[in-house]
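Participant: The following block contains a protein sequence and its predicted model.
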Amino acid sequence: MGYMETYERWLVSDAVDEQSKAELLAIKGDNKEIEERFYRELEFGTAGMRGILGAGTNRINIYNVRQASMGVAKYVLDANGMDKGVLIGYDTRHMSREFAEETAKVIADKGIKVYLFDTVHSVPEVSFGIRELGCAAGVMITASHNPKEYNGYKVYGPDGGQLPPEAVQTVIDEMARTDIFDGVTYTDLDNAIAKGIIETVGPELNEKFINIVMTQQQNPEAVKETADTFKLIYTPFHGTGSRPIKEVLKRMGFKNVLVVKEQDTEDGDFPTVKSPNPENKEGFTIAIEMAKANDVDVIIGTDPDCDRVGVVVRDMDGVYHTLTGNQTGALLVEYILRSKKEKGVLPDNGVVIKTIVTTELAAAIAQSYGMEVMNVLTGFKYIGEKMTEFAELKNHTYLIGFEESYGYLVGNHARDKDGVVATMLIAEMAAYYKTKGKSLYEALQDIYNKYGFYTERTVSFTMPGKDGMDKMAKILADLREIPITDVAGMDIVKYTDYQNQTVKDRRGGVAPLKGLPKSNVLRYDLSDEKTYFIIRPSGTEPKIKVYLGTFADSTAVAEHIIDKVLGSVQTQLGL
């Protein structure tokens, strides 16, 4: 069925609500818009679904949410998880509560126990809750840090981590067998609650989560020592971090926590920011003005589902700098390993886990403490998988996992990024360095002086719509057919294709890539033996990303190298 036929089917179907029909009637005659909405079905991948809200197969709406929920129900029934149940959480985005309820109605209709949070909750609380309640699966309605037009549907397995590939395929196959209108069945929400099939989850689970997060403190005495003078600003960017993080900071003993009131609202329009992304300094504008007025050294912000954390620090001249995810991660690795070593509890088999696009500075720090570093594919699900493997085999002790995209996890209570525990540790870390007479900015400079001036950059090139998807596919295909051989006057000495599972050297030798699953990613290592770049299409957004990294004797020199390499790569790729 072509996109125009699918469009017409939606217009005449009795299953489609009147508001959606009106939305579709408004674009009648606009073939480009119709094609964009109906040329494909919204893809369900390893991270679930994510898309722009609206009517159409390439939009996220109650119809494909119900269809996806049929797939989740199939996965749970196949795993004999009917009685274990499914935990459903949701964030502050538009339609999040509605999508959560539709999910609950579909899953409960199959006789599967459903636990539905009573209000908005964060990603780590859902991941923790699945493990705590012993559920067979979980669903989180969120689009993370995307703009307000988006929402999404993430699915978790019994370990609290995102579904593995074979489980994802079960969901996809069931979705393919299920007509989006005629094949979906669901129960009445109120009746299911009355019968106890759907159970509302309230504060008791929140309390357990906060208690276990607080066990990850490294130096609680530093907070007490600096409580009277240390000042911190926190902003939840209109999201789910507000309740748990304010409570954790209060229990830690911080006395001077300033909250950005304008951003402490559950508002899916995210009215104070262009995008609720803690990577962007723009979102911290109000907080920085507050910091200047109140002599504050550190600002921390979490995205709407509270799995990512952004940090702003003040330098010696009073200038505020937004840290990258790599910089914050390096600070946390150094702080945690140092703290454990000082207390004599650094394990012999400790491991730091990072993704292949995350800074090599983390590896340098970990190795200096005698700790192992493991690289996994991009996506926190792969960190979670390693954590579960460690727990089963008891062969390694997990210390910290993080990725350059502002996601961190310390502790084994969850299997996804946790902005609550990360915020707690960043705040404690700042207090710890204050007891040493240093700011977080100065602590970062100490790391550079000790290990080298590692510098990274991620550049995203947006390619929306069907044309964009085609262009991204062509770029990757062309690169595999005619590989890049040199950039910025340096030869490519190693070329790694994670999709084809090969590693080629400068002499043409080919070796198999071991230890990582297939992924549509290309890595290029340059002849200075310090610089690399990675090309990867995003799995959740219409973007192709270029990750670059190097290290040098100064940040200025490193930045210059990255500028040259990026310019050369852009020219060769036509970006």
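Facilitator: That came through, no problem.

Participant: And the worst-scoring helix or strand of the chain on mean pLDDT, what does it pack against?
Facilitator: Ranked by mean pLDDT, DSSP states H and E, the weakest helix or strand in the chain is helix 465-481, scoring a mean of 86. On a contact count with 3 or more C-beta pairs under 8 Å, 6 or more residues apart in numbering; DSSP states H and E, helix 465-481 meets helix 31-38, strand 522-526, strand 532-537. C-beta here means a position set from N, CA and C on the backbone, and glycine is covered the same way.

Participant: go again using 10 Å as the cut-off
Facilitator: Using 3 or more C-beta pairs under 10 Å, 6 or more residues apart in numbering; DSSP states H and E as the contact test, the elements touching helix 465-481 are helix 31-38, strand 453-462, strand 490-497, strand 522-526, strand 532-537, strand 543-552, helix 555-573.

Participant: residues making contact with that helix?
Facilitator: Residues outside helix 465-481 that contact it (C-beta atoms under 10 Å, 6 or more residues apart in numbering): 3, 32-33, 35-36, 39-40, 43, 58, 461-463, 495, 497, 499-500, 520-522, 524, 535-538, 542-544, 572-575.

Participant: And that helix, how far out from the chain middle?
Facilitator: 24 Å (C-alpha atoms, centre = their mean, to the nearest Å).

Participant: before we move on, what about stretch 4-12?
Facilitator: Relative to where its chain is centred, stretch 4-12 has its mean C-alpha point 35 Å off (C-alpha atoms, centre = their mean).

Participant: From the rest of the structure, what touches it?
Facilitator: 1-2, 15-16, 20-21, 23-25, 27-28, 31, 33-35, 37-41, 55-58, 63, 180-181.

Participant: Could I get the buried residue list for the least confident helix or strand of the chain?
Facilitator: Buried positions in helix 465-481, judged by neighbour count with 16 or more other C-beta atoms under 10 Å: 468-469, 471-472, 475-476, 479.

Participant: try stretch 133-146
Facilitator: If you call a residue buried by 16+ other C-beta under 10 Å, then stretch 133-146 has these buried ones: 133, 135-146.

Participant: Could you do stretch 380-397 as well?
Facilitator: Taking 16+ other C-beta under 10 Å as the criterion, stretch 380-397 shows 380-388, 390, 396 as buried.

Participant: possible to save those residues as CSV with secondary structure, pLDDT and distance to G370?
Facilitator: Conversion of these to CSV gives the following (DSSP: H, G, I helix; E, B strand; the rest coil; pLDDT from 0 to 100; distance: C-beta to C-beta, whole Å):
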residue, secondary structure, pLDDT, distance to G370
F380, helix, 94, 26
K381, helix, 93, 28
Y382, helix, 94, 24
I383, helix, 97, 21
G384, helix, 96, 25
E385, helix, 95, 24
K386, helix, 96, 19
M387, helix, 97, 21
T388, helix, 96, 24
F390, helix, 97, 18
H396, coil, 97, 13
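
Participant: List just the nearest of those to A422.
Facilitator: Checking the buried residues of stretch 380-397 against A422 with C-beta to C-beta, the nearest one is F380 at 12.1 Å.

Participant: for the closest one, what are its contacts?
Facilitator: F380 sits next to 47, 123, 127, 161-162, 307, 353, 355, 401-403, 405, 407-409, 414-418 when contact means C-beta under 10 Å, 6+ apart.

Participant: run the last query once more with 6 Å
Facilitator: By C-beta atoms under 6 Å, 6 or more residues apart in numbering, F380 lies in contact with 407, 416-417.

Participant: Distance-wise, check it relative to T355.
Facilitator: Distance from F380 to T355, counting by C-beta to C-beta, to the nearest Å: 8 Å.

Participant: Can I have the buried ones of the contacts of stretch 4-12 as a PyMOL selection?
Facilitator: Buried members of these, defined by 16+ other C-beta under 10 Å, are picked up in PyMOL with:
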select buried, resi 16+20+23+24+27+33+34+35+37+38+39+41+55+56+57+58+63+180
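
Participant: So which of the contacts of stretch 4-12 sit within helices?
Facilitator: Secondary structure assignment by DSSP state H places 20-21, 23-25, 31, 33-35, 37-38, 63 of those in helices.

Participant: Pipe those into CSV and attach distance to K250 per row.
Facilitator: Shown next, in CSV, are the ones in helices among the contacts of stretch 4-12 (distance: C-beta to C-beta, whole Å):
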residue, distance to K250
S20, 44
K21, 49
E23, 44
L24, 48
L25, 51
N31, 56
E33, 49
I34, 52
E35, 52
R37, 46
F38, 50
Y63, 42
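
Participant: And the furthest pair within the residues you listed?
Facilitator: N31 and Y63, at 22.1 Å, using C-beta to C-beta across those.

Participant: would TSV of the ones in helices among the contacts of stretch 4-12 with pLDDT be doable?
Facilitator: Converted to TSV, the ones in helices among the contacts of stretch 4-12 look like this (pLDDT from 0 to 100):
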residue	pLDDT
S20	97
K21	97
E23	97
L24	97
L25	97
N31	95
E33	96
I34	97
E35	95
R37	97
F38	96
Y63	98
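
Participant: quick check, nearest of the contacts of F380 to E360?
Facilitator: G407 (17.7 Å).

Participant: That closest one against R308, yeah?
Facilitator: Yes - counting by C-beta atoms under 6 Å, G407 sits close enough to R308 to count as a contact (5.5 Å).

Participant: Which residue is the nearest non-sequential neighbour of V493?
Facilitator: R506 (4.6 Å; C-beta to C-beta, 6 or more residues apart in numbering).

Participant: same deal with E559?
Facilitator: T455 (5.8 Å).

Participant: quick one, what contacts that neighbour?
Facilitator: T455 makes contacts with 555, 558-559, as judged by C-beta under 6 Å, 6+ apart.

Participant: In these, which residue is surrounded by the most others?
Facilitator: Neighbour counts for the contacts of T455 peak at A558, which has 23 neighbours (criterion: other C-beta atoms under 10 Å).

Participant: And the closest residue to that residue other than its chain neighbours, how far from T355?
Facilitator: For A558, ignoring the flanking residues on the chain, the nearest one in space by C-beta to C-beta, 6+ apart is T455 at 3.6 Å. Using C-beta to C-beta, we find T455 at a distance of 18 Å from T355.

Participant: T142 too?
Facilitator: T142 is 20 Å from T355, where distance means C-beta to C-beta.

Participant: Could you list the low-confidence segments of the protein?
Facilitator: The model of the chain has pLDDT under 70 over residues 539-540.

Participant: Give me the domain ranges for it.
Facilitator: If you go by automatic domain parsing, the domain ranges for the chain are 40-201, 217-451, 454-573.

Participant: Need the distance between the two termini of the first one.
Facilitator: Yep, that's domain 40-201 we're talking about. Domain 40-201 has an end-to-end distance of 36 Å (criterion: C-alpha to C-alpha, to the nearest Å).

Participant: now do stretch 194-207
Facilitator: End-to-end for stretch 194-207, by C-alpha to C-alpha: 25 Å.

Participant: Buried residues of it, list them for me.
Facilitator: Applying a neighbour-count criterion of 16+ other C-beta under 10 Å, one finds 197-199, 201, 205-206 buried in stretch 194-207.

Participant: what sits up against that stretch?
Facilitator: 104, 108, 114-118, 129, 192.

Participant: Strands of the stretch 301-450 of the chain, residue ranges please.
Facilitator: Per DSSP state E, counting those that start in this stretch, the stretch 301-450 of the chain carries strands over the ranges 309-314, 320-322, 350-355, 372-376, 397-403, 407-409.

Participant: other SSEs contacting the fifth one?
Facilitator: Right, strand 397-403. helix 325-342, strand 350-355, helix 380-393 (3 or more C-beta pairs under 6 Å, 6 or more residues apart in numbering; DSSP states H and E).

Participant: try it again with 10 Å
Facilitator: Judged by 3+ C-beta pairs under 10 Å, 6+ apart, strand 397-403 is in contact with helix 325-342, strand 350-355, helix 361-368, strand 372-376, helix 380-393, strand 407-409, helix 419-435.
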